[in-house]
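J.: give the three-dimensional model of this entry:
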Amino acid sequence: MSIGVNIQHKIGNLALDVEFHILEPGITALFGPSGSGKTSLINIIAGLEHPNRGHIQIGDHVVFDHTHRINLPARRRRIGYVFQDARLFPHKTVSKNLYFGARRNPAKLPREEQTAILEMLGILPLMGRRPTALSGGEKQRVALGRALLSNPDILLLDEPLSALDHARKQEILPHFEWLRDHRKIPILYVTHAIDEVARLADYMVVMEQGKTLASGSVFEMLGRTDLPPLAGQFDAGTVLPARIASRDPQAEVSFLDCAGQRIVVPYLGRPASDRVRLHIRARDVMIARTAPVGISANNIIPVTISGISNEDGETVDVTLCFGHDADASLLATTSGRPTIHARITNWSAKRLKLGLHQKVFAVIKSVTVDGQLSDHS
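T.: Just a heads-up that it's a prediction; the model follows:
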C-alpha cells in the first residue's frame, strides 16, 4: 500500500505546498516545528479539510483530485485517525467506542484479528469502563484500537504521545512498534519529538512553514544537518542499525555491534542478537586527534572526517565515517559506510586543526547513546 500527496492549500497566513510519495508500508514521520502545517496536512488526507488544489492517492484509490473533481468524503476514505486527545465518546463504554467505526465498514477484520489487536493493546480488561475511568495511556490505547478495528487502508496519528508523561509514553511506544512490524499499512505519524522519530519511523518528511523541505529514509534524513528543523542544537544527530552482541546485567551495560565497532550502552534488558537502533546526538560526540586513555567515556571509535560544515559560524558540524581504512576517494559518498555527526565549537575545530580525510577518534559517553530502539529492518 502506497500513498502519494501533492496539494496546495491556503489556511489563514499559512500556505501549504506539500508533495511526497511513500511506496512501502511502515511509519512515515511528519516532522517539523509547531505551526508548520503537519496537522492540517493529515486533516486534508483524512478528508476533514479540502485543499484548494492537488492530488491525493492511497494505494490504487484516488481520494482527491482537483482537476478531475474527485473528493471522496471522509467516511469513504478508509482512514484510521488517532487524535492527540483520543476523542472518545464519553457516554459510551470502551467496547462501544472500539466498535463504533468498525460497524460502518463492510470490509470487517476477521474475528481472530480483532481479538489479536485487543490483546496486543491490553484493552480486554477495560471493555466495560467509560472514558472517564481511564488513564491517559489507556485512552490512547482505546483510540488506537478503535482506529485499527475499522480495518483502515492508512493510519493517521496526530502527536498521539504529546499529552502523556514519560511513563505513559513508554507504555504506548511498543504498541506503535508492533503496528509498524506487523500491520502492513502506511502510517503517517505527526510529531516534533526527534526521539519518537528515531525510535519508530521508517521514513521521514520534514516540513517548515507549510512546505516539504525533504523526504526519505529515516537513517538518511536524521543524518542531515542542512535542514533547519533538524539542525537545532538538540536535534542534529544520527540513527544507525546495530545488534546486541552481549550484555552484562551486573555491570548494567549492553555491548552492541555496529558495523564491526563495539559500542557500549546502558543495559537494555534484551537478549543477544536482537537488532536495535542507535540514536547518537551530534552534541554528544567529541573528537580527539589521538585515542584518549584514562577517561570515563566507553566508546572511542576510529573515524575519518568526510565532511565539515560551519554554516552558522558559531559551531562546526563534522561528518565522521567509521574506520581509519576508508579510501579517501570514496569519502564523498561514504559508499554505504556508517557515519556519525559531531557538533563542536568553531574554536575547537580550529584548535584541533581538523580537515577533510583526517583520521581521528569519536568519543561518546555510554549514557548519551540511546540504544532502546527496536529495528525491524
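J.: residues near Ser162, how many?
T.: By the measure other CB atoms under 10 Å, the count of residues near Ser162 is 14. All C-beta atoms are positioned from the backbone trio N, CA, C, and that covers glycine.
J.: hmm, Phe83 and it touching each other?
T.: No - counting by CB atoms under 8 Å, Ser162 sits too far from Phe83 to count as a contact (10.8 Å).
J.: got the phi/psi numbers for Leu156?
T.: Per-residue torsions, Leu156: phi -110, psi 130 (degrees, to the nearest 10).
J.: shouldn't it be in contact with Gln84?
T.: No - using CB under 8 Å, Leu156 is not in contact with Gln84; the gap is 11.4 Å.
J.: out of these two, which sits in the busier spot?
T.: With neighbours defined as other CB under 10 Å, Leu156 and Gln84 compare such that Leu156 has more, 25 against 17.
J.: how much space between the more buried one and Ser273?
T.: The gap separating Leu156 from Ser273 is 34 Å, by CB to CB, to the nearest Å.
J.: again with Pro186
T.: Per CB to CB, Pro186 is found 29 Å from Ser273.
J.: these two: which has the busier surroundings?
T.: Higher neighbour count among Pro186 and Ser273: Pro186, with 23 against 10, using other CB under 10 Å.
J.: can you give me the distance of the more buried one to Ile45?
T.: Counting by CB to CB, the gap between Pro186 and Ile45 amounts to 10 Å.
J.: shared neighbours, the two?
T.: The overlap between the contact sets of Pro186 and Ile45 (CB atoms under 8 Å, 6 or more residues apart in numbering) consists of Ile3, Ile58, Ile154.
J.: and those residues as a markdown table, adding secondary structure, distance to His9 and pLDDT?
T.: Output for the shared contacts of Pro186 and Ile45, formatted as a markdown table (DSSP: H, G, I helix; E, B strand; the rest coil; distance: CB to CB, whole Å; pLDDT from 0 to 100):
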| residue | secondary structure | distance to His9 | pLDDT |
| --- | --- | --- | --- |
| Ile3 | strand | 17 | 90 |
| Ile58 | strand | 18 | 91 |
| Ile154 | strand | 19 | 90 |
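J.: closest to Gly216 out of the residues you listed?
T.: For those, the residue nearest Gly216 by CB to CB is Ile3; the value is 15.0 Å.
J.: what's across from the closest one in the sheet?
T.: Using DSSP bridges, the bridge partners assigned to Ile3 are Ile22, Ile58.
J.: so how far is Ser36 from it?
T.: 19 Å.
J.: okay, and the most centrally placed residue in the chain sits in which element?
T.: Closest to where the C-alpha atoms of the chain average out (CA atoms, centre = their mean) is Val197, at 2.0 Å. For Val197, the host element (DSSP states H and E) is helix 194-200.
J.: so which residues of this protein form helices?
T.: For the chain, the helices defined by DSSP state H cover 38-46, 94-98, 111-121, 136-149, 166-182, 194-200, 218-221, 346-352.
J.: which of the ones you listed has the lowest average pLDDT?
T.: Ranked on mean pLDDT, the bottom entry among these is helix 166-182, at a mean of 82.
J.: need the contact partners of that one.
T.: Contact with helix 166-182 is made by 26-27, 120-121, 135-137, 140-141, 144, 148, 155, 157, 160-161, 164, 187, 189, 196, 199-200, 202, 374, 376, as judged by CB under 8 Å, 6+ apart.
J.: I'd say the residue nearest to the centre of the chain and Val218 touch.
T.: Yes - contact criterion CB under 8 Å: Val197 and Val218 qualify, at 6.4 Å.
J.: list the residues that contact both of these two?
T.: Counting by CB under 8 Å, 6+ apart, the common neighbours of Val197 and Val218 are Ala29, Met204.
J.: residue ranges with poor pLDDT in this protein?
T.: The model of the chain has pLDDT under 70 over residues 105, 231-235, 311-312, 326-336, 367-377.
J.: kindly recompute the last result at 80.
T.: Scanning the chain for pLDDT under 80 picks out the ranges 1, 101-108, 163, 168, 182-184, 223-236, 269, 311-313, 325-337, 367-377.
J.: what's the burial count for the nearest residue in space to Met221 that is not next to it in sequence?
T.: Nearest residue to Met221, sequence neighbours excluded (CB to CB, 6 or more residues apart in numbering): Met204, at 4.1 Å. Other residues within reach of Met204, judged by other CB under 10 Å, total 26.
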